[in-house]
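Q: quick one, structure for this:
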Amino acid sequence: VQLVESGGGLVQPGESLTLSCTVTGITGRTYGLGWARQVPGKDLEWVCGVYGDGNTYYADSVQGRFTIYRDHDMKKADLQMLMLKPEDTAVYFCATPFSILISPEARSISRGQGTQVTVSS
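A: Numbers count the residues shown, from 1 in each chain. All right, here's what the predicted structure looks like:
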């Protein structure tokens, strides 16, 4: 499985950014896709995800600001981020499979190389 993220960058507080993830080497919609982020010195944490059945999860810190969009075959997942805050600064990773019950750092989770998002004035 290969995941490739793109779209990171430097934005000011209150601005928006959309990250994209392309997945290859996986078939079927059952696995789900998620986005996780890591701040230096802290554990990787799930930000949001979509299960194979289409149900979604959002961390409280991003609820109402972030939206995950995925295609029918779970081969692409965009993360739309609105009203960005300095505390959203992190490296963002696309990952599969997705389950809030499994740490995104687990060995069973495949992740991309990550893309840096910096929110600063």
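Q: state the helix or strand in which the residue most central in space within the chain lies.
A: Closest residue to the average C-alpha location of the chain: Trp35 at 1.7 Å, with CA atoms, centre = their mean. Trp35 is part of strand 33-38 when elements are defined by DSSP states H and E.
Q: avg pLDDT for that strand?
A: Taken as a whole, strand 33-38 has a mean pLDDT of 96.
Q: quick one: strands adjacent to that strand?
A: Strand 33-38 has these partner strands in its sheet, going by DSSP bridges: strand 45-50 (antiparallel), strand 90-96 (antiparallel).
Q: residues in contact with the longest one: which ones?
A: With contacts defined as CB atoms under 8 Å, 6 or more residues apart in numbering, strand 90-96 is touched by 1, 3-5, 8, 19, 21, 23, 26, 31-39, 44, 47, 74, 77, 79, 104, 109-117. No exception for glycine: its C-beta is placed from N, CA and C like everyone else's.
Q: re earlier: give me every residue that touches the residue nearest to the centre of the chain.
A: 19, 21, 46-49, 68, 77, 79, 92-95.
Q: where does pLDDT dip in the protein?
A: 27-29 (pLDDT under 70).
Q: next, count neighbours for the closest residue to Thr30 other than its chain neighbours.
A: Once flanking residues are discounted, Thr30 sits nearest to Gly52: 4.1 Å by CB to CB, 6 or more residues apart in numbering. Using other CB atoms under 10 Å, Gly52 has 15 neighbouring residues.
Q: next, give phi and psi for Gly52.
A: Main-chain torsions, Gly52, degrees, to the nearest 10: phi -60, psi -30.
Q: and if you look at the one 5 residues further on?
A: Note on Tyr57: backbone dihedrals following degrees, to the nearest 10 are phi -130, psi 140.
Q: next one: Pro86
A: phi -50, psi -30.
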